[in-house]
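Trainee: just a sequence and a predicted model for now, questions to come.
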Amino acid sequence: MINTSNTANVNTNLDDIMNEFRVGDKKSNIIQLNINTYFPNDPATRIASLLEQSNNYSNKTYRMNFDPVQEIVLKKMIGEEVLNKRLIIEEHDFFKGIFFLNYYCSVIAKSYDVIDSLYDYAKQLERVDKHKDPVIADVVEKVLQNSFKKNIFVSDHAERGTREAYNSMKQNINLSGAQFVKPSPVYSSAAQIIKNTVNNLEQNLSTIESRADLNALVFTDAIYPYIRTDSNLPMVNNLLEKKDFLNASITALQIASKKYYADHIDKKIRGSV
């Protein structure tokens, strides 16, 4: 037989205890904490999570020798059209250069002829000094020349095509809570390779959401030194703050291309004087 009076006493005691907790909570000075303060969104961990969740972007069988970690970076991030090209870049700048070219060729220009121009330039350097290869500054210069000659973004149709190409590079990845999951050592090492390609805009690595965002950020980072003193630079920074990596990259290229055009004309005028 159940003694209901005892049950009632238990319920009363529980109510009293809960009331005491509520009163104590009101009297306490506990404040709501931002969890990111204690678990910061580390860029390398975020990139590692992106790599680990991403499908291969290419399944290229490499003619060149890369270690397994480098192969992960290339297969997850670089398109096969670029990997099939003859590409010579100074070793220290190789990954930044191939990211830069992959984004420009695949998303913006929708053409890969600039890589052929860069290869010809590398061969010219080789004839002068067999130990000298193009560095990232040379790669950017060739892209600016190519952009100038092709009048990139002269029409709305061109910009629509760029957005479509950007979206096709994306893959829906869930990076929320990435800072709470410890990535495997292999993907951590691969992420470090990519993190090292961003020297000017490191703070924006913690906001990337996709493979396309990451490619666009490396591209913008490579151009950044050319536009650092330009009056339009705040436009690029504002777009980056809004996580609009596509338009940030387009705007950065437009600013740099105009500067290249102005310098090109200035050199012609000076040469004719």
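Mentor: Cool, the structure landed. Residues are numbered from 1 along each chain as shown.
Trainee: does the residue nearest the centre of the chain sit in a helix, a strand or a coil?
Mentor: Residue closest to the average C-alpha location in the chain (C-alpha atoms, centre = their mean): residue 214, at 1.8 Å. Here residue 214 is recorded as helix under DSSP: H, G, I helix; E, B strand; the rest coil.
Trainee: lowest-scoring secondary structure element of the chain by mean pLDDT?
Mentor: Across the helices and strands of the chain, the lowest-confidence element by mean pLDDT, DSSP states H and E is helix 35-38, at a mean of 46.
Trainee: thinking again about what came up before, which ones are touching the residue nearest to the centre of the chain?
Mentor: 47, 50, 77, 194, 205, 208 (C-beta atoms under 8 Å, 6 or more residues apart in numbering). In short, each C-beta sits where N, CA and C put it, glycine included.
Trainee: pLDDT weak spots in the stretch 101-250 of the chain?
Mentor: 152-158, 177-180 (pLDDT under 70).
Trainee: what ranges does it have for its helices?
Mentor: According to DSSP state H, counting those that start in this stretch, the stretch 101-250 of the chain carries its helices in the segments 113-128, 136-150, 156-169, 185-195, 211-227, 233-241, 245-272.
Trainee: which of these sits most buried?
Mentor: helix 211-227 (a mean of 24; mean count of other C-beta atoms under 10 Å).
Trainee: okay, angle between that helix and helix 233-241 too, please.
Mentor: 160 degrees (axes from the mean of the first three to the mean of the last three C-alpha atoms, to 10 degrees).
Trainee: export helix 211-227 as PDB, just CAs?
Mentor: Provided in PDB are the C-alpha atoms of helix 211-227 (Å, rounded to 0.1, in the frame of the first residue of the first chain):
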ATOM      1  CA  ARG A 211      36.000  25.400 -50.600                       C
ATOM      2  CA  ALA A 212      35.100  28.300 -52.800                       C
ATOM      3  CA  ASP A 213      35.400  30.800 -49.900                       C
ATOM      4  CA  LEU A 214      38.800  29.500 -49.100                       C
ATOM      5  CA  ASN A 215      40.000  29.700 -52.700                       C
ATOM      6  CA  ALA A 216      38.600  33.200 -53.000                       C
ATOM      7  CA  LEU A 217      40.300  34.400 -49.800                       C
ATOM      8  CA  VAL A 218      43.700  33.000 -50.900                       C
ATOM      9  CA  PHE A 219      43.200  34.800 -54.200                       C
ATOM     10  CA  THR A 220      42.300  38.100 -52.500                       C
ATOM     11  CA  ASP A 221      45.200  37.700 -50.100                       C
ATOM     12  CA  ALA A 222      47.700  37.400 -53.000                       C
ATOM     13  CA  ILE A 223      46.400  40.600 -54.600                       C
ATOM     14  CA  TYR A 224      46.200  42.500 -51.300                       C
ATOM     15  CA  PRO A 225      49.700  44.000 -51.400                       C
ATOM     16  CA  TYR A 226      49.000  45.600 -54.800                       C
ATOM     17  CA  ILE A 227      45.900  47.500 -53.500                       C
END
